[in-house]
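In: need a structure here:
(chains A, B, C and D)
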2 protein chains.
Amino acid sequence: MLSKTAEYALRATIYIALKGSEDNKLGIEEIAQGIDSPKSFTAKILQLLTQNNRVISSVRGPNGGFFLTDRARKLPVKAILEAVEEESVITKCVLGLKECSETRPCPMHTQYKAIKKQLKQMFEKTSIQQLVDEFNKGNYFIDNLKGVRKPC
Amino acid sequence: MLSKTAEYALRATIYIALKGSEDNKLGIEEIAQGIDSPKSFTAKILQLLTQNNRVISSVRGPNGGFFLTDRARKLPVKAILEAVEEESVITKCVLGLKECSETRPCPMHTQYKAIKKQLKQMFEKTSIQQLVDEFNKGNYFIDNLKGVRKPC
DNA sequence: GTAAAAAAGGACACAAATATCCTTTTTTAA
DNA sequence: TTAAAAAAGGATATTTGTGTCCTTTTTTAC
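Out: Numbering: from 1, shown residues only, chains lettered A, B, ... in the order given. Model prediction:
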């Protein structure tokens, strides 16, 4: 469904949103461990996510690291996919036809259309913050980050 | 969503089901042209689909080629994905977590579950023949195969 | 039984995705 | 103002997916 790049992008962003803040920036080491991904490769992906101040913010030097602004937390999950150029899932034809449309549909078009619509909605209507909230209800996981309620 | 391999596998199978029969076997040349795919690569994929007499049948030598038996036409589309080992779309976690389940769900699990279920149903409940029927209603396309009603 | 046609199979080539490593730049704190 | 910490960036390696080519095997028609 998604490439490793996109998976790591999603996991990393959610991880940073969950454990980090402007006062508590996270280093690439911790992030990669937290989401069980290769460190250097993940670093590259985070670069994509920070470019043009898109989804993730970063600061260099001591006490530097990655974090999400409040603005970024409101972004739809789709913004993460856009940053790593992986939107094809919600646009492409299942059979990979170049021309597949309402007026020139492939044999699976009608059935797949409904599914694609829901995928699109999931990525567009769900914000990063919503995933954080969901997670904080407890019982959710991201690799090495267990979903336990933060102490009040 | 799907790999090129899977896309070609689907396109080729549908094409053969549409244009071929036991009396009118199709050659790799025609198939590749018909679905706009690289010939030799497609040949390899058809090998996967014929192995163990799975989805596609083939005969060597003059007048040989590929065709689908009536039995094969009743197979679900999923059988094509199985042949090329591309079932992960309907099983994997969106975030790519090794352990993501009802008891240990990722933050997107609940939402994605519904979509995965529909994907699964689409591939399991739709038979190759159904796609052929759909196509023969007219107006459908597979690259170089236009969906026009066969002459009666 | 020989030649031709067609798929099957093996080996290789190329490209893209994934992954690693090292250097450079920025920033902070002492 | 210097040393250390951290991300950014560049270069390269590895693996997987995609694609090509050539030989072998099977089958048919003559």
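In: burial check on the nearest residue to A:V55 once chain neighbours are set aside, number of neighbours?
Out: In space, A:V55 comes closest to A:L49 once its chain neighbours are excluded; the distance is 4.7 Å by Cβ to Cβ, 6 or more residues apart in numbering or on different chains. Glycine gets a C-beta too; all of them are placed from N, C-alpha and C. Counted with other Cβ atoms under 10 Å in any protein chain shown, residues neighbouring A:L49 total 24.
In: A:L49 looks like it's in a helix, true?
Out: Yes: assessed with DSSP: H, G, I helix; E, B strand; the rest coil, A:L49 lies in a helix.
In: these two touch, right, it and A:S57?
Out: No: using Cβ atoms under 8 Å, A:L49 is not in contact with A:S57, being 9.5 Å away.
In: how far away is the residue nearest to A:V55 from A:G27?
Out: Noted for A:L49: a distance of 15 Å to A:G27, by Cβ to Cβ, to the nearest Å.
In: repeat for A:E82
Out: Taken as Cβ to Cβ, the span from A:E82 to A:G27 is 25 Å.
In: quickly find the element holding the residue lying closest to A:I90 once chain neighbours are set aside.
Out: The shortest distance from A:I90 to any non-neighbouring residue, by Cβ to Cβ, 6+ apart, is to A:K120 (4.4 Å). Counting by DSSP states H and E, the element that carries A:K120 is helix A:109-125.
In: export the next helix-or-strand element following that helix as PDB, just CAs?
Out: Next in sequence after helix A:109-125, counting helices and strands by DSSP H and E, comes helix A:128-136. Output of helix A:128-136 as PDB, limited to C-alpha atoms (Å, rounded to 0.1, in the frame of the first residue of the first chain):
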ATOM      1  CA  ILE A 128      -2.200  14.500  13.200                       C
ATOM      2  CA  GLN A 129      -3.700  15.800  16.500                       C
ATOM      3  CA  GLN A 130      -6.600  13.400  16.200                       C
ATOM      4  CA  LEU A 131      -4.200  10.500  16.000                       C
ATOM      5  CA  VAL A 132      -2.400  11.800  19.100                       C
ATOM      6  CA  ASP A 133      -5.700  12.100  20.900                       C
ATOM      7  CA  GLU A 134      -6.700   8.600  19.800                       C
ATOM      8  CA  PHE A 135      -3.400   7.300  21.100                       C
ATOM      9  CA  ASN A 136      -3.700   9.000  24.400                       C
END
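In: right, is helix A:128-136 up against chain B?
Out: Yes: Helix A:128-136 lies within reach of chain B by Cβ under 8 Å from any Cβ of the partner chain, at A:L131, A:V132, A:E134, A:F135.
In: could I get those as TSV with pLDDT and distance to DNA strand D?
Out: As requested, the residues of helix A:128-136 next to chain B are exported to TSV (pLDDT from 0 to 100; distance: Cβ to the nearest atom of the strand, whole Å):
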residue	pLDDT	distance to DNA strand D
A:L131	94	21
A:V132	93	20
A:E134	86	26
A:F135	85	22
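In: ok, A:E82 and A:G27, which is more surrounded?
Out: A:E82 (17 against 14).
In: excluding covalently adjacent residues, which one is nearest to the more buried one?
Out: A:R54 (7.9 Å).
In: surely the one you found is in contact with A:A83?
Out: Yes: assessed by Cβ under 8 Å, A:R54 is found in contact with A:A83 at 5.1 Å.
In: neighbour count winner among these two?
Out: Ranked by neighbour count (other Cβ under 10 Å), A:R54 and A:A83 place A:A83 first, with 23 against 15.
In: do the helix or strand hosting A:E30 and DNA strand D meet?
Out: According to DSSP H and E, A:E30 maps onto helix A:28-35. Yes: using Cβ under 7 Å from any atom of the strand, helix A:28-35 reaches DNA strand D at A:I28, A:E29.
In: return the distance of that helix from the chain's centre.
Out: 15 Å (Cα atoms, centre = their mean, to the nearest Å).
In: can that helix be said to contact chain B?
Out: No: with Cβ under 8 Å from any Cβ as the criterion, chain B is not reached by helix A:28-35; the gap is at least 8.7 Å.
In: and that helix, what does it pack against?
Out: Packing partners of helix A:28-35 (3 or more Cβ pairs under 8 Å, 6 or more residues apart in numbering or on different chains; DSSP states H and E): helix A:4-19, helix A:39-50, strand A:65-67.
In: got the buried residues for the longest one?
Out: Of the residues in helix A:4-19, those buried by neighbour count under the rule 16 or more other Cβ atoms under 10 Å in any protein chain shown are A:5-19.
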